[in-house]
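K.L.:
Next come a sequence and a model predicted from it.
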Protein chains: 2
Amino acid sequence: MPQIHRLDSRSKDFAARLDALLAWEGVADAQVMHTVTEILARVRAEGDAAVIEYTGEFDHLDVTTMADLELPASRLAEALASLPVEQREALERAAERVRRYAERQKMAAWQYTEEDGTVLGQTVTPLDRVGLYVPGGKAAYPSSVIMNAVPAKVAGVPEVVMVVPTPHGMVNPLVLAAAAVAGVDRVFTIGGAQAVAALAYGTQSVPAVDKIVGPGNIYVAAAKRLVFGTVGIDMIAGPSEILVICDGQTDPEWIAMDLFSQAEHDEQAQAILLSPDATFLDAVADAMDHLLETMPRGDIIRASLAGRGALIQVADLHEAAQIANHIAPEHLELSVADPEALAAKIRHAGAMFLGRHTPEALGDYCAGPNHVLPTSRTARFSSPLGVYDFQKRSSVIFCSPEGAADLGRTAATLARGEGLEAHACSAEYRVKAR
Amino acid sequence: MPQIHRLDSRSKDFAARLDALLAWEGVADAQVMHTVTEILARVRAEGDAAVIEYTGEFDHLDVTTMADLELPASRLAEALASLPVEQREALERAAERVRRYAERQKMAAWQYTEEDGTVLGQTVTPLDRVGLYVPGGKAAYPSSVIMNAVPAKVAGVPEVVMVVPTPHGMVNPLVLAAAAVAGVDRVFTIGGAQAVAALAYGTQSVPAVDKIVGPGNIYVAAAKRLVFGTVGIDMIAGPSEILVICDGQTDPEWIAMDLFSQAEHDEQAQAILLSPDATFLDAVADAMDHLLETMPRGDIIRASLAGRGALIQVADLHEAAQIANHIAPEHLELSVADPEALAAKIRHAGAMFLGRHTPEALGDYCAGPNHVLPTSRTARFSSPLGVYDFQKRSSVIFCSPEGAADLGRTAATLARGEGLEAHACSAEYRVKAR
């Protein structure tokens, strides 16, 4: 049997044991913060020169100008053209489905006119320029390029600038092909905190962006946190998580593999199954046992399950929904007979996968919804990455003279209550004008 | 003449001088961070006891239990009932208008069904519980209570918990009345980093919230930045700003007072006027000169204008719009003959005030749109506070068996390209099931 926590919601210490399993804090230590702070300051002050120096040092690249660290569009097109047909078509199909779903998320302006002629409303505009961080090396995921770049382009962002480190010159052709498919505008082969700094502050060669999105290691995460305010950032992502609720009627092998598909991401990933059926939990444990042998990333799966995984017996599906709302999982699979009834009870989840035929893996690649989702219980207050993250709103107020005279009296009363006389006078000029 | 920067967009060093004026960084120093980190850790570990101790120390309150630091609903109702009729009506009218505008911002769920029966969509749910920080003492603004609490209630947040320090027991009845009008559910008279910690982590008496909004001093801002991730936060606000674009045909006294209405907030506030009409800029400077004598907060206005204010001559209104897009101001007043034509050129602004009869002060109190707006150029990537900040989305995927079989092939191809075999197998189980 694989080592995995077994919990029962009826046990007295259940809440405490569950919270202990969920606890995760991705805190950068003082040494990381110190290093990153220094890198940010140097890139801000010295621009290209500092980026070139850090890239030489950290990525073992012997370059002398930033021109050596930018890939032309032709390079991306070549990477796409050179893929096996099946891979190219899969990438293009995924991008097309993500685009179609994203189109539904576009926000639109609105306004209304009051009786006295005053107009109130909200306009919507895209960001001017967005930076997309893509990790290098083994964690280089082309799907991540699509999931981050496509919504930005659908939002109407004119320029998406991608950065991706190429340690020892190692370039991932699938990542470049995904950039071509997703419509990325420029690509620099830089990474780490120095790439985040270049995007946030701009250098002679790298244009300053308005928002930085995309996953990265602890240095990248720390750098994003520090430049937040100068630019926007997406969430700081924690380890990936899946919570499966199953009524016991799905093939145990399917559920075991669905849990594996999160566990194989990394040792910190979290895979939890809730079921009212104790026999089914045993069957899933059995399935895990023999399926583990077939998994190339078996060691990672084993470590993930032993450290943060759990099979939890619950009283019924209603209780399962309550526990899911407490966990607020990134991915929630409802492998039950009536998934829509159960989904109606869910208040907090990044993405919900309904029914026995919707494994989470489909959402990672090509179902349509974004795979960048809130982790570590942040689905309590945040949303999947979407087009709305690349648009912003501006309020519009256009008072008629009548409206201004009327509102001016109310504003002046409240302003004086706050001791702000200039506010009151400014409003009253328009009252007197009537 | 009041001391204020005079710039001309034709001068060679214009861009550099403008950027120097705009530069602002609200960085908490190491001592503040150290103090706040310690307060957060103690409140997290010790709960109520630490909150009571800090409140005694910082707010000079001699209390022994948290019950002494919670105000009953009756206390809020009394505060409202005891206001002069004019103030009560103004508060109620402001809340009603903010509510009506906010209703338009509510996000709705959507879904669509594909040809093979697969359903894709997005649900929308409110946050469970929100914390609202309200500063104590002189900067206690009842309008701020309305602007933060009303959108949360419109979003459907069941519980809004307000914290407001009462140094030396000094309670602001207008703030309590505003809480009653806005529908705040609970009020604790605590403040500073200890209040932020209590809201973020929860104590025996203070319930943990999912998001903390509202303005505060440097300790509060630092605490919010540190608890971000455990809970959501709104933007870390910088000093208030107004940018006025005027064609020279508005009464110079009106424009001078509109600029004052930001400048009077604090010495760091920024008030800038752009006009193609040099004579008009002189007339506004003259108006400022004599109006300043009548202002109770004249010293603050003087300091703000001298430090960060500017009268800027531009070539024409088109150039003014370009400069506005660079500044991305919190408040943008378009005091021109055809404000809608000019507004169409604006890509980045928190709120736009169109026409000669729409002073920014109306937006601060009662026009309807929120007065919590992105500052310090963050309107490049962020939006006014709104109902959408108290709702979040969850993706929904419900594959038909046919849809799962079809998507499973694409997903498996991409998963193998990323070296994630469990993802591929999980998808392929549903392919084989057909």
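P.N.:
Okay, I see it. Numbering: from 1, shown residues only, chains lettered A, B, ... in the order given.

K.L.:
contacting residues around the residue of the stretch 51-200 of chain A found nearest chain B?
P.N.:
Closest contact between the stretch 51-200 of chain A and chain B, by Cβ to the nearest Cβ, is at A:Ala90 (4.1 Å). Heads up, the C-betas are built off the backbone N, CA and C, glycines and all. For A:Ala90, the contacting residues are A:Tyr365, A:Cys366, B:Thr410, B:Thr413, B:Leu414, B:Gly417, by Cβ atoms under 8 Å, 6 or more residues apart in numbering or on different chains.

K.L.:
what about it, which helix or strand?
P.N.:
Using DSSP states H and E, A:Ala90 maps to helix A:85-103.

K.L.:
Identify the residues contacting the next helix or strand after that helix?
P.N.:
Once the chain leaves helix A:85-103, the next helix or strand it forms, by DSSP H and E, is strand A:110-113. For strand A:110-113, contacts defined as Cβ under 8 Å, 6+ apart pick out A:Val119, A:Leu120, A:Gly121, A:Gln122, A:Val396, B:Arg104.

K.L.:
Is the helix or strand just after strand A:110-113 in proximity to chain B?
P.N.:
Moving toward the C-terminus from strand A:110-113, the next helix or strand (DSSP H and E) is strand A:119-126. Yes. Part of strand A:119-126 sits near chain B under the criterion Cβ under 8 Å from any Cβ of the partner chain, namely A:Val119, A:Leu120, A:Gln122, A:Thr123, A:Thr125.

K.L.:
list the helices and strands the helix or strand just after strand A:119-126 packs on?
P.N.:
Counting by DSSP H and E, the element after strand A:119-126 in chain order, helix or strand, is strand A:129-133. Packing contacts for strand A:129-133, counted by 3 or more Cβ pairs under 8 Å, 6 or more residues apart in numbering or on different chains; DSSP states H and E, involve helix A:142-155, strand A:159-163, helix A:192-201, strand A:211-213.

K.L.:
does any part of the longest one sit near chain B?
P.N.:
Same thing as helix A:142-155. Yes. With Cβ under 8 Å from any Cβ as the criterion, chain B is reached by helix A:142-155 at A:Pro142, A:Ser143.

K.L.:
What of the second one?
P.N.:
No. For strand A:159-163, no contact with chain B is found by Cβ under 8 Å from any Cβ; the gap never falls below 13.2 Å.

K.L.:
count of residues packed around A:Val154?
P.N.:
Neighbour count for A:Val154, taken as other Cβ atoms under 10 Å in any protein chain shown: 23.

K.L.:
same question but for A:Leu291, I mixed them up
P.N.:
Using other Cβ under 10 Å, A:Leu291 has 20 neighbouring residues.

K.L.:
where are the low-confidence patches of chain A?
P.N.:
Residue ranges of chain A with pLDDT under 70: A:1, A:26-28, A:138-139.

K.L.:
got the domain boundaries for it?
P.N.:
As given by automatic domain parsing, the domain ranges for chain A are A:5-24+A:238-367, A:30-120+A:130-233, A:399-432.

K.L.:
tell me the most buried of those?
P.N.:
Mean neighbours per residue, mean count of other Cβ atoms under 10 Å in any protein chain shown, is largest over the domains of chain A for domain A:399-432, with a mean of 23.

K.L.:
Just the endpoints, please. Distance across it?
P.N.:
Domain A:399-432 has its terminal residues 15 Å apart, counting by Cα to Cα, to the nearest Å.

K.L.:
For it, what is the distance to the chain centroid?
P.N.:
Put simply, domain A:399-432 sits 43 Å off its chain's centre (Cα atoms, centre = their mean, to the nearest Å).

K.L.:
Mind checking if it is in reach of chain B?
P.N.:
Yes. Remark: domain A:399-432 sits within contact range of chain B at A:399-401, A:403-404, A:407-408, A:410-411, A:413-415, A:417-427, A:429-430, by Cβ under 8 Å from any Cβ.

K.L.:
Show me which residues of the stretch 151-300 of chain A are close to chain B?
P.N.:
Residues of the stretch 151-300 of chain A found near chain B (Cβ under 8 Å from any Cβ) are A:174, A:210-211, A:229, A:231-232, A:236, A:251, A:253-254, A:257-258, A:260-261, A:263-265, A:294-297.

K.L.:
mind running it again at 6 Å?
P.N.:
With Cβ under 6 Å from any Cβ of the partner chain as the criterion, the stretch 151-300 of chain A meets chain B at residues A:Leu174, A:Asp210, A:Lys211, A:Gly232, A:Trp254, A:Met257, A:Asp258, A:Phe260, A:Ser261, A:Glu264, A:Met295, A:Pro296.

K.L.:
what helix or strand does the first one sit in?
P.N.:
Yep, that's A:Leu174 we're talking about. Assigned by DSSP H and E, A:Leu174 belongs to helix A:173-182.

K.L.:
Report the separation between the nearest residue to A:Glu418 once chain neighbours are set aside and B:Val175.
P.N.:
Nearest residue to A:Glu418, sequence neighbours excluded (Cβ to Cβ, 6 or more residues apart in numbering or on different chains): B:Tyr141, at 5.3 Å. For B:Tyr141, the distance to B:Val175 (Cβ to Cβ, to the nearest Å) stands at 8 Å.

K.L.:
and the residue lying closest to the residue of the stretch 51-200 of chain A closest to chain B once chain neighbours are set aside, how far is that from B:Met33?
P.N.:
Using Cβ to Cβ, 6+ apart and skipping the chain neighbours, the partner closest in space to A:Ala90 is B:Thr413 (4.1 Å). Relative to B:Met33, B:Thr413 is positioned 48 Å away (Cβ to Cβ).

K.L.:
same question, A:Lys153
P.N.:
Distance from A:Lys153 to B:Met33, counting by Cβ to Cβ: 38 Å.

K.L.:
Look up phi and psi at the spatially most central residue of chain A.
P.N.:
The structure's chain A has its C-alpha centroid closest to A:Val372; by Cα atoms, centre = their mean the separation is 3.2 Å. Phi and psi for A:Val372, reported as degrees, to the nearest 10, are phi -90, psi 110.

K.L.:
residues in contact with it?
P.N.:
A:Met147, A:Leu385 (Cβ atoms under 6 Å, 6 or more residues apart in numbering or on different chains).

K.L.:
let's see it at 7 Å
P.N.:
Neighbouring residues of A:Val372 by Cβ atoms under 7 Å, 6 or more residues apart in numbering or on different chains: A:Met147, A:Asn148, A:Asp234, A:Pro384, A:Leu385.

K.L.:
Looks like the second one contacts A:Val213 (just checking).
P.N.:
Yes. Applying Cβ atoms under 7 Å as the test, A:Asn148 and A:Val213 come out as touching, 5.1 Å apart.
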